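S.K.: build the 3D model from these lines:
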Amino acid sequence: MIRTVLIDDETDSIKILQKLLENYCPQVEVVGTAQGVETATTLIHAARPQLVFLDIEMMQGNAFDLLNRLQPINFQVIFVTAFDNYAIRAFKYSAVDYLLKPLDINRLVAAVEKVSGKFEKEDVLAQMKMLLENFGNIPVSAQKIAIPTLTGLSFTALGDIIRLEAKGGYTAICIVNKQQILATRTIKDYEDILPPNIFYRIHNSHIINLQKIKKYQKGRGGFVIMEDDSNIEVAIRRRDEFISRLMK
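M.R.: Below is the predicted model:
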């Protein structure tokens, strides 16, 4: 059983989530609920949960106030939120799971199954630290992203990524100093996650960091030379939009 705590400032939301967990996630044992930062802090210290469902807004502060109090984090977190795309992107960067209100049963079950797997304390600590940093007022290029690999998670700054290349159901992420990380996510996943003002998909198989281009050479679609000296073709159908992006 997964010892679980539910934190939400709305009593009805707690009741709904608890009922859904009872009906669809029998591996979850709810050991306590709380509605504010103060009561949640006391509850988590006492109950020592393995998993916390955490709403963003609550009494006496928000989820990040609570997480800062509880450092170092030694439990998994599934955020429950009605937040905007900026917040959701930060969750995706950190590879933490989140559920949107109103709750979808299939997403809930999938999220619980995900955290039921291998629990690496070091990864959780790094994920939470990164998430909290990314919600601070730091430039986007300095924000970090958690990259799932075959052996765990790799953490890198967005500004260190030069390009991404599709490798079937995987993605090769090329970063500075000629390093490469093989991610267990598709290139479409990264197209959805990465900030479009910095990253652009110039080809079905390639996403590039626009700040890491050394040269663009004309041709049918043309091609770019990146800082790692790779030559990447620009798809003909993307050429005009790509050039307009370069001129901004």
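S.K.: for the rest of this, base every contact and every neighbour count on C-alpha atoms.
M.R.: Will do.
S.K.: what sits closest to the residue most central in space within the chain if chain neighbours are left out?
M.R.: Residue closest to the mean C-alpha point of the chain, counted by Cα atoms, centre = their mean, is Lys92 at 1.7 Å. Using Cα to Cα, 6 or more residues apart in numbering and skipping residues adjacent in sequence, the residue nearest Lys92 is Ile193, 6.7 Å away.
S.K.: follow-up on the earlier one: how much space between the residue nearest to the centre of the chain and Gly219?
M.R.: 36 Å (Cα to Cα, to the nearest Å).
S.K.: what does Leu20 give?
M.R.: 57 Å.
S.K.: neighbour count winner among the two?
M.R.: Leu20 (17 against 11; other Cα atoms under 10 Å).
S.K.: thought that one was touching Ile105?
M.R.: Yes. With contacts defined as Cα atoms under 8 Å, Leu20 counts as touching Ile105 at a distance of 7.4 Å.
S.K.: could you measure from Lys188 over to Gly169?
M.R.: Taking Cα to Cα, one finds Lys188 at 10 Å from Gly169.
S.K.: with neighbour numbers in mind, choose between these two.
M.R.: Taking other Cα under 10 Å, Lys188 and Gly169 do not tie; Lys188 has more neighbours (15 against 11).
S.K.: ok, now how distant is Ile105 from Tyr24?
M.R.: Relative to Tyr24, and taking Cα to Cα, Ile105 is found at 8 Å.
S.K.: next: Lys178.
M.R.: For Lys178, the distance to Tyr24 - Cα to Cα - is 46 Å.
S.K.: so after the lowest-mean-pLDDT helix or strand in the chain, what's the next helix or strand?
M.R.: Using mean pLDDT, DSSP states H and E, the weakest-scoring helix or strand in the chain turns out to be helix 85-94, at a mean of 66. Toward the C-terminus, helix 85-94 is succeeded by strand 97-100 as the next helix or strand (DSSP states H and E).
S.K.: by contact count, what packs against that following strand?
M.R.: Strand 97-100 is packed against strand 76-81, helix 85-94, helix 105-115, with contacts defined by 3 or more Cα pairs under 8 Å, 6 or more residues apart in numbering; DSSP states H and E.
S.K.: for Pro72, report the pLDDT, please.
M.R.: Note for Pro72: predicted pLDDT of 81.
S.K.: again, but for Val96
M.R.: 73.
S.K.: for it, grab the count of nearby residues.
M.R.: 20.
S.K.: right, and it touches Gln127 too?
M.R.: Yes. If you go by Cα under 8 Å, Val96 and Gln127 touch, sitting 7.0 Å apart.
S.K.: and the helices in the chain?
M.R.: 11-24, 37-47, 63-69, 85-94, 105-115, 121-134, 187-193, 239-247 (DSSP state H).
S.K.: between those, which one is nearest to Val5?
M.R.: helix 37-47 (7.5 Å; Cα to Cα).
S.K.: would you map out the domains in this protein?
M.R.: 2-134, 149-247 (automatic domain parsing).
S.K.: next, format the ones you listed as JSON lines and append distance to Ala142.
M.R.: Formatted as JSON lines, the domains of the chain follow (distance: least, Cα to Cα, whole Å):
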{"stretch": "domain 2-134", "distance to Ala142": "9"}
{"stretch": "domain 149-247", "distance to Ala142": "6"}
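S.K.: for Ser141, which of the ones you listed is the nearest?
M.R.: domain 149-247 (4.3 Å).
S.K.: mean confidence for that closest one?
M.R.: In the prediction, domain 149-247 has an average pLDDT of 92.
S.K.: and it, how far apart are its ends?
M.R.: 35 Å.
S.K.: next one: it to chain centre, how far?
M.R.: 18 Å (Cα atoms, centre = their mean, to the nearest Å).
S.K.: please apply the same query to stretch 64-81.
M.R.: With Cα atoms, centre = their mean, you get 15 Å for stretch 64-81.
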